[in-house]
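Q: Okay, sequence plus prediction incoming.
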Amino acid sequence: MSPTFRSLSNSNYRRYALGGVVSNVGTWMQRIAQDWLVLLLSGGSGAAIGIATGLQFLPFLLVMPFAGLVADRVPKQQLLQLTNALMAVPALVLGGLTITGLAEVWHVYVLALLLGIGAAFDAPARQAFVSELVAKDELTNAVGLNSASFNAARLVGPALAGLLIAALGGGATATGWVILLNGLSFVAPICMLRRLDASRIAQAPPLARGPGAIREGIGYVRSRPDLLLVMAVVFFVGAFGLNFQLTSALMATEEFGVGPREYGLLGSFLAVGSLSGALLAARRTEVGHRLVVGAALAFGALLVVAGFAPSYLAFALLAPLLGLTALTMMTAANAFVQLHTEAAVRGRVMALYLMILMGGTPVGAPLVGWFGELWGARSTLWIGGGVSIVGALGAAAVFGRRTPPASGGSSDAETPVRASLARF
């Protein structure tokens, strides 16, 4: 088997990935449909899209430390079945409300928040579960393939959503059918999780109950400047740069005057680059913090350039490069954190990582949407790119001097948690 796909030789990982890609297609379909629905219900308000997006990611900021603790205490195979079921319910309800013509903007806000709660408990368990499915020397490859799966869905989902919305009339009812399909898509990962061979899962010993477990995870991260550097870069890029739903919607409607089909295609063009970046990441055997910083700087610069795009075609041609650099940064950051974190605390550390990556969105997305209303759609790209560049450079300056060169191996990740905390 090609080195790019070597983790797929593991039957458990293969089933897990298959269920994930089906669900991810539905997720990307809902993201496009939900944004289009908010535009229709709010009269084209960029701030309304930003609020809906922010509410969906707000739980990543509020409950993620507790979600990481749950991931370290509960068998992840069982936990993931529950979280997928919890994420299906808001999608089914919103789809039903929209199809029946009852949906209002506040419905979208509430259900986006509920969907985000399910996703917040799902994310750290899903990320940490990969290390239980594959051998350590295949972890970087599996993380890359996870991203490839996600972005293959990102390639198909937005385009399919745009085509379905247009084919069904382009109105709110059309978006409801697309959202309903996402609710049904969660059946796939639940079925695949139930089919995994439990005897081949290297389940981490469950964390014993007791006080101070969340504080222990935070202390572990604070004692590690290499992890702090990566998380700081991820925060600035995630909060202000990775707002493609918002920025693409505003550019499509305000600057280029195109409809849902062209808007959906922008997501697919972006995914072409993201998929390429994920497949390249799957071939790497080593990742370091320099790759994270370099990719963040390249992404920020491209985002600024995209803000000057004179036409829809020019913007669409830049989208694959944005996807490539963004995905390179995120895949490298994810693999670095997993590889350099001890198994006993990995769920809590991944929760903190995801809280920083996704939890910045409730802060950044409404601000970026507000900037778009004040200064136009292009300003959302200029500001997002500029903050990404400054944030990456600042993180490198603050933490880089204390961070030793990282290898692809375990380095500090193999030291006991208590030893790491002693350094703190």
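A: Okay, I see it.

Q: Any chance of the backbone angles for residue 194?
A: phi -70, psi -20 (degrees, to the nearest 10).

Q: Hmm, I typed the wrong one, I wanted residue 310.
A: phi -80, psi -10.

Q: pLDDT on stretch 373-386, on average?
A: Per-residue pLDDT over stretch 373-386 has a mean of 89.

Q: Buried ones in that stretch, by neighbour count?
A: Residues 373, 376-386 are the ones in stretch 373-386 that count as buried (16 or more other CB atoms under 10 Å). Every residue, glycine included, has its C-beta placed from N, CA and C.

Q: so residue 58 is in which element?
A: In this structure, residue 58 sits in helix 46-62 according to DSSP states H and E.

Q: what are the C-alpha coordinates of the helix or strand that that helix is followed by, in PDB please?
A: If you walk from helix 46-62 toward the C-terminus, the next helix or strand you reach (DSSP H and E) is helix 64-73. Once non-C-alpha atoms are left out, helix 64-73 reads as follows in PDB (Å, rounded to 0.1, in the frame of the first residue of the first chain):
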ATOM      1  CA  MET A  64     -14.100  21.900  26.400                       C
ATOM      2  CA  PRO A  65     -12.000  21.300  29.500                       C
ATOM      3  CA  PHE A  66     -14.800  19.200  31.000                       C
ATOM      4  CA  ALA A  67     -15.300  17.500  27.600                       C
ATOM      5  CA  GLY A  68     -11.600  16.500  27.700                       C
ATOM      6  CA  LEU A  69     -12.000  15.200  31.200                       C
ATOM      7  CA  VAL A  70     -14.900  13.000  30.000                       C
ATOM      8  CA  ALA A  71     -12.800  11.800  27.100                       C
ATOM      9  CA  ASP A  72     -10.100  10.600  29.500                       C
ATOM     10  CA  ARG A  73     -12.600   8.900  31.800                       C
END
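
Q: mind saving the C-alpha coords of whichever helix or strand comes after helix 64-73 as CSV?
A: Sequence order places helix 76-99 as the next helix or strand after helix 64-73, per DSSP H and E. Only the C-alpha atoms of helix 76-99 are listed here, as CSV (Å, rounded to 0.1, in the frame of the first residue of the first chain):
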residue,chain,number,x,y,z
LYS,A,76,-14.1,6.7,23.6
GLN,A,77,-15.9,4.1,21.4
GLN,A,78,-19.0,4.4,23.5
LEU,A,79,-18.7,8.2,24.0
LEU,A,80,-18.5,8.9,20.3
GLN,A,81,-21.7,6.9,19.6
LEU,A,82,-23.5,9.1,22.1
THR,A,83,-22.1,12.4,20.8
ASN,A,84,-23.0,11.6,17.2
ALA,A,85,-26.6,10.9,18.3
LEU,A,86,-26.6,14.2,20.2
MET,A,87,-25.4,16.1,17.1
ALA,A,88,-28.1,14.6,14.9
VAL,A,89,-31.0,15.9,17.0
PRO,A,90,-30.5,19.7,16.4
ALA,A,91,-30.0,19.2,12.7
LEU,A,92,-33.2,17.1,12.4
VAL,A,93,-35.1,19.7,14.3
LEU,A,94,-33.8,22.7,12.3
GLY,A,95,-34.4,20.9,9.1
GLY,A,96,-38.0,20.1,10.1
LEU,A,97,-38.7,23.7,11.2
THR,A,98,-37.3,25.1,8.0
ILE,A,99,-39.2,22.7,5.7
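
Q: For the helix or strand just after helix 76-99, buried residues please.
A: Tracing the chain C-terminally past helix 76-99 and defining elements by DSSP H and E, one meets helix 105-133 next. Of the residues in helix 105-133, those buried under the neighbour-count criterion (16+ other CB under 10 Å) are 105, 107-109, 111-133.

Q: relative to helix 76-99, how tilted is helix 105-133?
A: Relative orientation of helix 105-133 with respect to helix 76-99: 160 degrees, computed using axes from the mean of the first three to the mean of the last three CA atoms, to 10 degrees.

Q: Now do residue 186 against residue 75, distance only.
A: Residue 186 sits 19 Å away from residue 75 when distances are taken as CB to CB, to the nearest Å.

Q: contacting residues for the residue lying closest to residue 57 once chain neighbours are set aside?
A: If the residues on either side of it in the chain are set aside, residue 57 comes closest to residue 361, at 3.7 Å by CB to CB, 6 or more residues apart in numbering. Contact analysis of residue 361 by CB atoms under 8 Å, 6 or more residues apart in numbering lists 53-54, 56-57, 60, 238-239, 242-243.

Q: Look at residue 361 and report its pLDDT.
A: Residue 361 is assigned a predicted lDDT (pLDDT) of 70.

Q: now do residue 152
A: Residue 152 carries a pLDDT value of 73.

Q: before we move on, what about the one 10 residues further on?
A: The pLDDT attached to residue 162 in the predicted structure is 83.

Q: what do you get for residue 415?
A: The predicted structure scores residue 415 at 37 on the pLDDT scale.

Q: Number the chain from 20, please
A: From this message on, residue numbering opens at 20, which makes the last subject residue 434.

Q: ok, which stretches of the stretch 220-369 of the chain are helices?
A: Secondary structure of the stretch 220-369 of the chain, counting by DSSP state H, counting those that start in this stretch: helices at 232-241, 244-255, 263-269, 279-302, 308-325, 331-358, 365-378.

Q: among those helices, which is nearest residue 32?
A: With CB to CB, the closest approach to residue 32 among the helices of the stretch 220-369 of the chain belongs to helix 279-302: 12.4 Å.

Q: now residue 385: how far from residue 271?
A: Computed with CB to CB, the distance linking residue 385 and residue 271 is 20 Å.
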